[in-house]
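Sequence below, structure please.
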Amino acid sequence: AMDLLYANADKIEEAIFFHVADLFNLEVDLIFYDTTTASFHVDQEDDPDRHANATLRKFGHSKEGTWSPQVVVALAVTREGIPVRSWVLPGNTSDVATVEKVRADLRGWNLGRAMFVADSGMNSEDNRRELAGACGKYLLACRMSNVAEIRKKVLSKRGRYTVFKDNLHAKEVVVGDGERRRRYILCYNPREAERQRKHREMTVAILEKELESHKDASATAQWAIELLASRRFKRYLTVTKTNKVRIDRAKIREAKKYDGKWVLETNDDTISLEDAACGYKGLMVIERCFRSLKRTQIKMMPMYHWASRRIEAHVKICVLALLIERVAELACGKPWHQIQAALDELQITEFFNLNFRVLMRNELPTKTINILKLLKITPPKQVIELEKLT
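Have a look, this model is predicted:
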């Protein structure tokens, strides 16, 4: 059955998506795209020379920070979290290298006016060119601290923010002229800025206390080596010319500039500030999809397949399960864990002896009956039936 699914995966995915899109009248103007990894507990990566049917499991850095044989799973979803299409790629494939494959496949579906939304991992000159050719319009996050143009021209741009909500402010910044012009959207969340400020102050206070507790401030001391290797603390530390560990106040002042801010880049001059800012915040939808796929609900791992076609079929089945979950959530207006709890209360008990069979269904609570109606399932009544066995 998995081989049959693999052989017809493209047609099945397309037919199911457009059926669901028509059923719920989904908007496909924004397509959210991201990648994740699925690791395997094996010692060696696949070698095509050893087995031609196993080519996907390659060593790579997983999203969990490990180095192991893995595959890359790419997913495109609508703003409602409905999977549009999924891809399974070799584990050593970089995020930016997946765009060309996505470009060809999404163009073949004729989605109409679809804007491609992705995080900063997809933002490169080559990817922007590919995306412009594939989807036409894109909305990408930018790495604020790594791009000189953004640091110098976007973040320093004077002017007031337009306030759309208490936690969403935005303003437009256009850099350059003519064909080389870039449209940036600088967004600001006051609540997030306050949270980041408090977190930084707490981190610096811990560092100050740690430095005061050691008489030897040498960078070669064991405690100093651990601090300098810590992802949490090393950003605020520096090593002086005398090989001493000190808190870098300049780095703290620099970090304040980015509190609660994020920068978007788009080639669509018609999209409004509010739609762009809200559209990017919708990337949390795909993060939730990956969380459901890998850890909470569907649990795509561990995978025990080794043949490439079986691995891809396994992922496709998990994505179809995710689609069913999202369809149920949209139909009921409730999160999946509430739907699942209600459906778990469905129970039927069968007793029989040599002469009769007795069927008993428990009486359902109101919330379960309501969910069944939303899913267009006729709620069963409490029944006791006697049937003569022949």
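
got the contact list for the residue nearest to G121 when sequence neighbours are not counted?
Ranked by C-beta to C-beta, 6 or more residues apart in numbering and with sequence neighbours excluded, the top spatial neighbour of G121 is D95, at 4.6 Å. Just so you know, the C-beta spots here come from the backbone N, C-alpha and C atoms, and that holds for glycine as well. D95 sits next to 35, 121-122 when contact means C-beta atoms under 8 Å, 6 or more residues apart in numbering.

Drop anything exposed from the residues you listed.
Burial by neighbour count, judged by 16 or more other C-beta atoms under 10 Å, picks out 35, 122 from the contacts of D95.

My read is that L264 contacts Y138, right?
No: here L264 does not reach Y138: they are 10.0 Å apart, not a contact under C-beta atoms under 8 Å.

So what's the residue count around the residue nearest to W67 when sequence neighbours are not counted?
Distances taken as C-beta to C-beta, 6+ apart put H61 closest to W67, at 6.0 Å, once the chain neighbours are dropped. If you count neighbours by other C-beta atoms under 10 Å, H61 ends up with 14.

For the stretch 251-390 of the chain, give me the ranges with low pLDDT.
282, 347-363, 379-390 (pLDDT under 70).

residue boundaries of the helices in it?
Remark: helices assigned in the stretch 251-390 of the chain by DSSP state H, counting those that start in this stretch are 273-281, 283-291, 308-332, 336-343, 366-374.

wait, which of the ones you listed is closest to H41?
H41 sits nearest to helix 308-332 of all these, at 13.8 Å, using C-beta to C-beta.

Flag every buried residue along the closest one.
The neighbour-count check on helix 308-332 (16+ other C-beta under 10 Å) flags 308-316, 318-323, 325-330, 332 as buried.

which residues does Y6 contact?
Contact analysis of Y6 by C-beta under 8 Å, 6+ apart lists 309-310, 312-313, 316.

Make JSON lines from these and add distance to K234 to it.
Below are those laid out as JSON lines (distance: C-beta to C-beta, whole Å):
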{"residue": "R309", "distance to K234": "44"}
{"residue": "R310", "distance to K234": "42"}
{"residue": "E312", "distance to K234": "39"}
{"residue": "A313", "distance to K234": "43"}
{"residue": "K316", "distance to K234": "41"}
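
residues of the helix or strand where A205 lies that come out buried?
Assigned by DSSP states H and E, A205 belongs to helix 190-212. For helix 190-212, a neighbour-count test (16+ other C-beta under 10 Å) marks 193, 196, 200, 204, 207, 210-211 as buried.

chain center to that helix: distance?
Centre-to-centre, helix 190-212 and its host chain are 27 Å apart (C-alpha atoms, centre = their mean, to the nearest Å).
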